[in-house]
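*Asks:* Got a predicted structure plus its sequence, pasted below:
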Amino acid sequence: MNPELEHERLLVEMAQTDINAFEVIFEEYYDQIFNYILRRTGNVEDARDITAETFFKALKNIGRFKWRRVSFSAWLYKICIHEIAAFYRKTPRNLLSMEYLQSRGFDPVSQYDLEEEIMAAHNALQKHEKLLLCSRAIKELPGRYADVITLRYFAGKKISEIALIVGKPEGTVKSLLHRGLRKLKKIILKDKNSATFFK
């Protein structure tokens, strides 16, 4: 077993026998799960709520986690994808971007130093203007395309990992990525400000 998976296995085994050990898992994975959800929703408060629900479900079900072909981090991503879908089914709404919230003086206060998390995610999004533009456009895609594109290009997951997370064959994931990127290109080209994006 590679060192990363071995580390995950030890963390999970501790948390399965000692509920207080789940705090270590929370600390280890909170940032990456929060940032993934924030990039999918573009809304800080929603991302915070969905992240909390994701970890609640993980804590509640950690005793059932079994080591098969899915790593623990893939299991967490799977939970958060389900929580994002459930959230949108329950609360359809127009999403606000981080830039909009910050321009309106949004100043989050949280025991997990949310401001720092927002800035880290914001800085990651601003590394390239193209990625920022894509992030906005991704919100317009159907969930199955948004999930695989975000996992691939924002979370940096391999095709094999994405296949495990979304529960689809690798060929299907490749197809979803291909079709999703075509749809994304159409959405971006509709925006007059992005006319030179694909030139």
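*Replies:* Okay, I see it. Numbering: from 1, shown residues only.
*Asks:* what comes up buried for the helix or strand containing residue 36?
*Replies:* Using DSSP states H and E, the element containing residue 36 is helix 22-41. Residues of helix 22-41 classed as buried: 22, 25-26, 29-30, 33-41 (neighbour count, 16 or more other CB atoms under 10 Å). Just so you know, the C-beta spots here come from the backbone N, C-alpha and C atoms, and that holds for glycine as well.
*Asks:* Residue 30 and residue 169: what is the separation?
*Replies:* 31 Å (CB to CB, to the nearest Å).
*Asks:* again, but for residue 40
*Replies:* From residue 40 to residue 169 the distance is 23 Å (CB to CB).
*Asks:* isn't residue 37 right up against residue 81?
*Replies:* No: counting by CB atoms under 8 Å, residue 37 sits too far from residue 81 to count as a contact (9.3 Å).
*Asks:* My read is that residue 135 contacts residue 40, right?
*Replies:* No: assessed by CB under 8 Å, residue 135 is found out of contact with residue 40, at 9.0 Å.
*Asks:* Whichever strand or helix holds residue 150 - contacts with which helices or strands?
*Replies:* Using DSSP H and E, residue 150 maps to helix 143-153. Helix 143-153 sits against helix 22-41, helix 72-90, helix 129-138, helix 159-166, helix 170-190, with contacts defined as 3 or more CB pairs under 8 Å, 6 or more residues apart in numbering; DSSP states H and E.
*Asks:* which residue is nearest the centroid of this structure?
*Replies:* residue 36 (2.4 Å; CA atoms, centre = their mean).
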